[in-house]
Each structure stands twice: as structure tokens, then as C-alpha cells.
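One predicted model, sequence on top.
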Amino acid sequence: MLSSYACTPAKTRGRLYREAESAFRSPFQRDRDRIIHSSAFRRLKHKTQVFVEHEGDYYRTRLTHSIEVAQVARTIAGALGFNEYLTEAVALAHDLGHTPFGHTGEDALNALMKPYGGFDHNAQALKIVTSLERHYAEWDGLNLTWEALEGIAKHNGPVAGDLPFALADYNARHDLELHTHASGEAQVAAIADDIAYNNHDLHDGLRAGLFSVDEIRALPIVGPAFAEVDARYPGLDQNRRRHEALRRVFGTMVEDVLIAARRRLQEVNPGSAADIRMAGRPVIGFSDHLFGDLKQIRAFLFKRMYRAPSVLEMRAQVTKVIEGLFPLFLADPELLPEEWREDVAKATNESDLARIVGDYIAGMTDRFALETHARLIG
């Protein structure tokens, strides 16, 4: 059952290009399905979170992360009465715009793209689903509903100030009301992202040997979870012990969001999806107490995982890959694949060409970027 403040298919603002709707799938179901079948979604299989894709088969990739986010998001959306299909669509699409090599690749590409309007992965995700996916006969992009596009653009909150070019360019043609908060469904997708990466970064950091169980037992939320497991299952082998403890950390975050969201929804008392957008503050988030605990966990992960010597060494190497490929393609666009030549021919200035090169590099997987750099540069 949907709540009065959920986004409903009957009240969708529709698609940029009019088309006949399905007789057996709602508009938001079709959004979800189109995202899953997109080329960009498949490429997430070989794009990484923290570790480079070839470093180990058990580390999260952008694809497995997106699936985990979608699962958490649907659970929360269902419990709060939001539209699960729209929530899932935004969750599955939220990382489509990521470059190879995670945030390291994004930082490098953004620095190179500064003179040409910058680079932002959320704006790039919007560009992918509105332009760069080119499979349909009648339009570029996936022709998603307004609600899905809004969620992709601003699931982390209102967007103001100097907009990345990709976001500003599309919004000028199709107003996504960037000054307001997103729907509750998009806010759920955003908090599910936080829950997923907080949990799996602990998993991956332990697996990589960057820190030990004894060290993370000193952290809030994590320590009590291990204590509960040890009391209930004394002598449990280390793999099961770790899994049981971290699933409790996971559950604690989800339960906290549900309690905090119900309280905020009661305070705001929205009667429609528009009321949530105009509430002036997020209605979905952690409680202040748990958010403080998570800040301590993030600080630990930043120091021991994201800034670990081995990770920093790889960050430096993959930054050089991006820094080598961008000026090479910019100086000689004939090196781009044939399917990109039509776009190159339409470029009227260096900024146009730089954005084409940026789009091409951003779409690369970790593996393909390394192979291309080795082939063209060495």
C-alpha cells in the first residue's frame, strides 16, 4: 500500500518524449527495467568502489554495490509506504556516471575538465540516461520519467551554485526543479547508498587486511555487534563471526533510519509527494546519535582504508592513467572509436571536444582504461 506522500504512477509528470505506456508495467517499473538493460549498467561490473577491479574477486564493484543499494532501498521504501519501483530505479541508476577507478578517477577527470565545465558523477549519470545511451529509434537516452530523472539528479539534496555542465545543460531543456529536495523515494535511495557502503567497506577492508577485527571492535555500533555475537555464539569461527557481527551493524543502520524517518514524517505531516519536496529539509536520514557514531566509523575508514599506503599507491597509478588518456584523445580525437566520430564531427570548439573525450573516458571500465593506456601510451 502506498502512502499519500508516495510518488504514484497515475500522477507522474511523464517523459520528455511522449510514448505509449505498457499495459502490464507501471512507468516506474519500465524506468527500472530500462536502467537494468542499459550498457552503462552492465559496465558497472568492471568498475570499482575502492579497490581496482582486478585486485580481487570478492571486493565490491559498482554493480554489486548498486544491487545492494537497491535491496536496502526497497526494504525501507516498502516499510515507509513509498513507491518501491521508483526507489529501486533511482538506486540502480545512482552510480551510472562513475568513472573507472572510483572516486580517484572522478577526482582526476574533474581536475582535467575544470576548464570545460567540470565533471560530477551524478550529473554524468543524468547525461547517460538522457543522451549517451543510444539504442532507441525515436530518442537518445532512456526516456525515463521526470520523477526518475529528478531522483538521479538530486537524491543527495537540492543542487545550487555553479552546476556541472552536464546537469545545467539538461536542466535548461527539462526543468528538474533542482532548488527543491527530491522525492521521498530518491531520499530513500540516497540513505540506502550510505548504509550499503558503510557496511561493505568494513567487509572489504577486513578482507584486504587493512585492519583487524580487534581494531574495529573499538568503534561504536561495531563493538556492541561483536559483543552480542560472541555472547550468543562463543567459539564461532572468524568468518562467520565477522559476518554475523556486520549483518547486525547493517540491521542497526536500517532500523535507525526507519525510526528517524517515521518521526520526521510525523513532524512534516506531508499529504503528497510535493509536500516532501517542499519540506525544506530531508525527511529520510539517520538519527543524530547514529549519525555521530557513523562519523567515527567513516573517520576510521578514511585513515585506515581510503588512505592506506597500498590504496594511495594505486590511486597515484590510476590517476596517471586518466591524466595520460585525456590529453592524448583531446589532441588526437581520431584515436576515439568509430562510433564516437559523429559526435567529434559536430564539435565546434575545444570545450565540445573535451566533453566528448570526458564522456568516453568516464564510460571506461577499470580494465579497459588500463588496457587502453598500455596500448596507446605504454
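Right, received. Where do you want to start?

Report the contact partners of E138.
Y17, E19 (CB atoms under 8 Å, 6 or more residues apart in numbering). Any C-beta I mention is one placed from the backbone N, CA and C, and that applies to glycine too.

and with 7 Å instead?
Y17 (CB atoms under 7 Å, 6 or more residues apart in numbering).

Tell me how far it lies from L149.
17 Å (CB to CB, to the nearest Å).

Show me what counts as buried in the helix or strand encompassing A196.
Using DSSP states H and E, A196 maps to helix 184-207. Under the neighbour-count criterion of 16 or more other CB atoms under 10 Å, helix 184-207 has 184-206 buried.

One more: stretch 289-309?
Neighbour-count burial for stretch 289-309, counted by 16+ other CB under 10 Å, picks out L290, D293, L294, I297, F300, L301, R304, M305, Y306, A308.

number of nearby residues for V283?
Using other CB atoms under 10 Å, V283 has 23 other residues around it.

Pretty sure it sits in a helix.
No - the assignment for V283 (DSSP: H, G, I helix; E, B strand; the rest coil) gives coil, which keeps it out of a helix.

contacting residues around it?
Going by CB under 7 Å, 6+ apart, V283 touches G184, Q187, A261, R264, L265, V268, I276.

and the two most separated of those?
Q187 and V268 (11.9 Å; CB to CB).

before we move on, the earlier item: present the buried residues of stretch 289-309 as CSV; the columns should include secondary structure and pLDDT.
CSV is the format used below for those (DSSP: H, G, I helix; E, B strand; the rest coil; pLDDT from 0 to 100):
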residue, secondary structure, pLDDT
L290, helix, 98
D293, helix, 98
L294, helix, 98
I297, helix, 97
F300, helix, 97
L301, helix, 95
R304, helix, 93
M305, helix, 90
Y306, helix, 89
A308, coil, 89
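
so what's T75 closest to, chain neighbours aside?
V254 (6.7 Å; CB to CB, 6 or more residues apart in numbering).

Equivalent analysis for K45, please.
Nearest to K45 is L63, by CB to CB, 6+ apart, at 4.5 Å.

Sticking with that neighbour, tell me its helix or strand.
Using DSSP H and E, L63 falls within helix 62-80.

between the buried residues of stretch 289-309, which is nearest D343?
Ranked by distance to D343 (CB to CB), the buried residues of stretch 289-309 are led by Y306 at 34.7 Å.

For this protein, give me the ranges with low pLDDT.
51-58 (pLDDT under 70).

what's the angle from the helix holding L63 to helix 184-207?
For helix 62-80 against helix 184-207, the angle by axes from the mean of the first three to the mean of the last three CA atoms, to 10 degrees is 130 degrees.

List the contacts of the very next helix or strand once past helix 62-80.
Toward the C-terminal end, the helix or strand that comes next after helix 62-80 (DSSP H and E) is helix 84-93. Here helix 84-93 makes contact (CB under 7 Å, 6+ apart) with 7, 26, 28-29, 31-32, 35-36, 41, 66, 69-70, 73-74, 77-78, 125, 129, 147-148, 151-152, 155, 185-186, 188-189, 192.

Can you give the domain ranges for the chain?
23-173, 201-269+280-303, 311-376 (automatic domain parsing).

winner for burial among the ones you listed?
Mean neighbours per residue, mean count of other CB atoms under 10 Å, is largest over the domains of the chain for domain 23-173, with a mean of 21.

now the end-to-end length of it.
Its first and final residues considered, domain 23-173 spans 29 Å by CA to CA, to the nearest Å.

now stretch 77-90
This stretch, stretch 77-90, spans 12 Å end to end (CA to CA).

quick check, distance from the biggest helix by length in the chain to the centre of its chain.
Using DSSP state H, we find that the single longest helix of the chain is helix 238-268. Put simply, helix 238-268 sits 20 Å off its chain's centre (CA atoms, centre = their mean, to the nearest Å).
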